[in-house]
Every structure is written in structure tokens, then in C-alpha cells.
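*Asks:* give me the fold of what follows.
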Amino acid sequence: MKKIIHLLLIISTNIFAQEHIVTAKSGLSIRTQASIESDKIGKLNYGQTVDVLKETIESFQVIDNNKTISGYWVKIKMDNSNYGYVFNGYLEFKKDYTDYTVAKQFLNAHVRGNILEKRFLTTKNFKEICTKTSEQDFYYEPETGHHIALDADLILDAQDYPDDGFKISSFDSESGYVILEGIGWESFKVAVKVVNENGIFLVDGSGIINIPLDKRPN
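*Replies:* Prediction:
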């Protein structure tokens, strides 16, 4: 009888776990207990998703860029058998979540010249725009009416690029736009648009291609 009760508790824990996304750019430290004084046992990266099992009664707050971030310590699932605690002031409930990592995968495949990988990460609309653009000597920008000479990589909006690839810098959870920055070249930023097509997250814009002017990095 005890074994049956124990099994039901395990199933219940998995059912009520809620997925959240990490919004702290520097990541979140995982600790053994619900306290800043407890030992670190791991780290969650920016944009990573995590299962939150329960909220503790232990409150906590930090000052970030002169802004007070308040919240509680929550228990999270690390893997099949281990658990830890993180501060939930930098966790966002994963509702209508956009998988921004596809943007990073696409740009890194682009700089590596992996044509096959790029092909499966983009929408039909994006492929058609890129194909049409490559067949002419200019890119027509609908917002301004300008014809831009093809003397740069339009997907990167530049002539050069970071040798070590890209990482996520920021994102807009409502619009699906994500800004990626060069690894070792933080000032190099590229805007990428991510959409959900039939449950699959794909790139629908990057650099200049299909990205409005107000969404491009300064």
C-alpha cells in the first residue's frame, strides 16, 4: 500500500509542474535550499525553460538597474531525480511561449554555411523572399520605397560577422522578435523574427529580410 501511495505522489508532482522561461540575461543560480546563503548546485541560462514545482513562503528581492525585483524562492525540477531552488523574480510563465532558440540556430547555421540546416529552420515565405532577392541586384524595402544594393549579407545586415557565432541578447515575447548578439562581439546585433507554423517555430525574417525598420538594432 505504501508503494502505491508513493507512486501517486510522483505522478501528481509531474502533472502540476508549470513551465517557465528564464528572463535574467546573466542566468539564474540554482541552490540547494530556498536561501541566497545556500550552496549553488547549477545554473539556468537566459531563455531556458524550467519546470517549477511549487512556490515557497521564502520571499526575496534584488535591485537591478535601480529597479526592485521582488518574488519568492521556488522549487524546480533539474532532471529525473534532482531538485533545486531559484528566485522567481526572473521567471516568466510559459504561456504562448516562443522558442527563440531557433533564431540562434539559424544564424549560427548561416555563418557556418550549413545550407541544409538553414533550409529546415525557415518559413516558406522567408525562403521565397530570399530567393527572389538573390535573383536581382538590389533589395526593395517596402517601408521606405528604397532600393538597397546587394553589397552586404542581408540576413546579417552586414558585410562581416562574428567568427564564434551568436547568442540571444533580448526578445519580445508578444511579437516574436529576438535580438541576437555576436559571441565576443557584443555590439554586433541582428534582429530575427520567429513565428509558429502549425506548432513548429521557424524563422520568418532576419537582418533586413522581412524585418521592419523599427525592429532593427540601432
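*Asks:* pLDDT below threshold where in the protein?
*Replies:* In the predicted model, the chain carries pLDDT under 70 at residues 1-17, 80, 94-99, 134-151, 173-174.
*Asks:* all strands for it, in order.
*Replies:* Along the chain, the stretches classed as strands by DSSP state E are 18-22, 28-31, 40-44, 49-64, 67-77, 83-87, 91-93, 138-141, 146-149, 166-171, 177-182, 185-197, 200-206.
*Asks:* okay if I get those strands as TSV plus mean neighbour count and distance to N108?
*Replies:* Where you see a C-beta, it was placed from the backbone N, CA and C, and this is true even at glycine. Output for the strands of the chain, formatted as TSV (neighbours: other C-beta atoms under 10 Å; distance: least, C-beta to C-beta, whole Å):
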stretch	mean neighbour count	distance to N108
strand 18-22	19	20
strand 28-31	20	24
strand 40-44	15	21
strand 49-64	14	20
strand 67-77	16	28
strand 83-87	22	27
strand 91-93	16	24
strand 138-141	14	23
strand 146-149	11	25
strand 166-171	19	6
strand 177-182	23	9
strand 185-197	18	11
strand 200-206	21	12
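*Asks:* quick one, which of these is nearest to L121?
*Replies:* Closest to L121 of those is strand 200-206 (C-beta to C-beta; 5.6 Å).
*Asks:* that older thread, got the strands of the chain as CSV, with distance to D160 columns?
*Replies:* Output for the strands of the chain, formatted as CSV (distance: least, C-beta to C-beta, whole Å):
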stretch, distance to D160
strand 18-22, 31
strand 28-31, 33
strand 40-44, 32
strand 49-64, 33
strand 67-77, 36
strand 83-87, 38
strand 91-93, 34
strand 138-141, 18
strand 146-149, 17
strand 166-171, 13
strand 177-182, 10
strand 185-197, 8
strand 200-206, 16
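*Asks:* closest one to N218 among those strands?
*Replies:* With C-beta to C-beta as the yardstick, what comes closest out of these is strand 185-197 (8.5 Å).
*Asks:* okay, the angle between the closest one and strand 177-182?
*Replies:* Counting by axes from the mean of the first three to the mean of the last three C-alpha atoms, to 10 degrees, strand 185-197 points 150 degrees away from the direction of strand 177-182.
*Asks:* please shift the residue numbers so they start at 22 in all later answers.
*Replies:* All set: I'll call the first residue 22, so the last point we hit is now strand 206-218.
*Asks:* mind listing residues that contact strand 206-218?
*Replies:* Under the contact criterion C-beta atoms under 8 Å, 6 or more residues apart in numbering, strand 206-218 has outside partners 119-121, 123-124, 127-128, 144, 176-179, 182-183, 185, 187, 190, 197-203, 222-228, 231-232, 236-238.
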